[in-house]
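J.: this one's structure only:
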């Protein structure tokens, strides 16, 4: 079975929830304390053994390319000043991964964005990482998903438990127990299920479960053939969830089937303003260089409210 070596990061969205900040700055470049969110996603890919990264971009996304490229003027200035600390911070993103870019000409949904990666990915399994979901570096969700794919040969999605009244905000999965023969080859302690049904943003009363899909996937290349045949669904977009639903019924020995890994670790949502602010506070409060002073101020501030 080919190894998973490539990550695809859809990054063509307009970021309208963060206007006017995202009028000229891609939402993926919004800082999470002092790193842009997109760098944290790429660092996660690299930590998972994936150093070939394809970003699916659109118009006005040039800053993404600039961030992962050399900035000779800035580097030369810092070097001349002898500021090796800041120089290291600037150059860290240059050699982080082998980053490629392809444009999604039309905003036709996540499924279409993944389809734009077909030529780069070829006949190999690959990871898809959504930039709005940040997984704490102390948790190893993507590595676990890759291991599950290697053990099962199936596509793997990340799931989390949500209140049932919130199921209409997510794609949701119906699941069943894995066969014992399959489970025996998996890491102990992993909460893994066979996915039997996927529904995009179902009403709570008809949702198959309260297990919601979050932004990490490990997909077999068979998904491309399905996406070519997937018609626009909810919102008039080509939904990746619809393509995965079709994979469920395909021969598991030929790249079909979908497995879900339930994640109960630390996940940070940067998809809307409130969750973005919560993410900043959580991560800043744990920083060795900021946490002490920041937490002291935060306690005083909360008391003053």
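T.: Looks like it came in fine. As the structure is a computational prediction, the values presented were derived from the model and not from experiment.
J.: Next, the buried residues of the least confident helix or strand in the chain by mean pLDDT.
T.: Sorting the helices and strands of the chain by mean pLDDT, DSSP states H and E puts helix 180-183 at the bottom, at a mean of 76. By neighbour count with 16 or more other C-beta atoms under 10 Å, helix 180-183 contains the buried residues 182-183. To be clear about C-beta, it is placed using only N, CA and C from the backbone, and glycine gets the same treatment.
J.: Name the surrounding residues that touch it.
T.: By C-beta atoms under 8 Å, 6 or more residues apart in numbering, the list of residues contacting helix 180-183 from outside reads 151-152, 177, 192.
J.: In those, which residue is surrounded by the most others?
T.: When neighbours are taken as other C-beta atoms under 10 Å, the top entry among the contacts of helix 180-183 is residue 192 (23 neighbours).
J.: Could you give the backbone dihedrals for that residue?
T.: With angles defined as degrees, to the nearest 10, residue 192 sits at phi -120, psi 140.
J.: Verify the stated contact: it with residue 185.
T.: No. Residue 192 is beyond contact range of residue 185, at 10.5 Å (criterion: C-beta atoms under 8 Å).
J.: Phi first, then psi, for residue 66.
T.: Here is the backbone geometry of residue 66 (degrees, to the nearest 10): phi -60, psi -40.
J.: Let me fix that, I meant to ask about residue 57.
T.: Residue 57 adopts backbone torsions of phi -120, psi -180, taken as degrees, to the nearest 10.
J.: Would you map the strands across the stretch 101-250 of the chain?
T.: Using DSSP state E, counting those that start in this stretch, the strands of the stretch 101-250 of the chain run over 126-129, 133-135, 155-161, 171-176, 192-200, 211-219.
J.: how much space is there between residue 230 and residue 156?
T.: 19 Å (C-beta to C-beta, to the nearest Å).
J.: So which of these two has more stuff around it?
T.: More crowded of residue 230 and residue 156, by other C-beta under 10 Å: residue 156, with 30 against 22.
J.: can you pull the contacts of the more buried one?
T.: By C-beta under 8 Å, 6+ apart, the neighbours of residue 156 are 145-146, 148-149, 217-219, 258-261.
J.: Can you list which of the contacts of helix 180-183 are found in helices?
T.: 151-152 (DSSP state H).
J.: what's the most distant pair in the contacts of helix 180-183?
T.: Farthest pair in these (C-beta to C-beta) is 151 and 177. Separation: 15.6 Å.
J.: ok so, going back, looking at the strands of the stretch 101-250 of the chain, which is closest to residue 25?
T.: Closest approach to residue 25 among these is made by strand 133-135 (18.1 Å; C-beta to C-beta).
J.: Going along the chain, name the helices of the stretch 1-150 of the chain.
T.: 37-47, 62-67, 72-81, 84-91, 110-115, 118-121, 141-152 (DSSP state H, counting those that start in this stretch).
J.: looking at the ones you listed, which is buried most?
T.: Across these, the average number of neighbours (mean count of other C-beta atoms under 10 Å) peaks for helix 110-115, which reaches a mean of 23.
J.: Give me the contact list for that helix.
T.: Applying C-beta under 8 Å, 6+ apart, the contact partners of helix 110-115 are 8, 10, 12, 56, 104, 106, 128, 130, 219, 223-224, 227-228, 230, 237-240, 242-243.
J.: Now, of those, which are buried?
T.: 8, 10, 12, 56, 104, 128, 130, 219, 223-224, 227, 230, 237-240, 242-243.
J.: returning to that earlier point: and which of the contacts of residue 156 is nearest to residue 19?
T.: Residue 19 lies nearest to residue 217 out of the contacts of residue 156, by C-beta to C-beta, at 28.1 Å.
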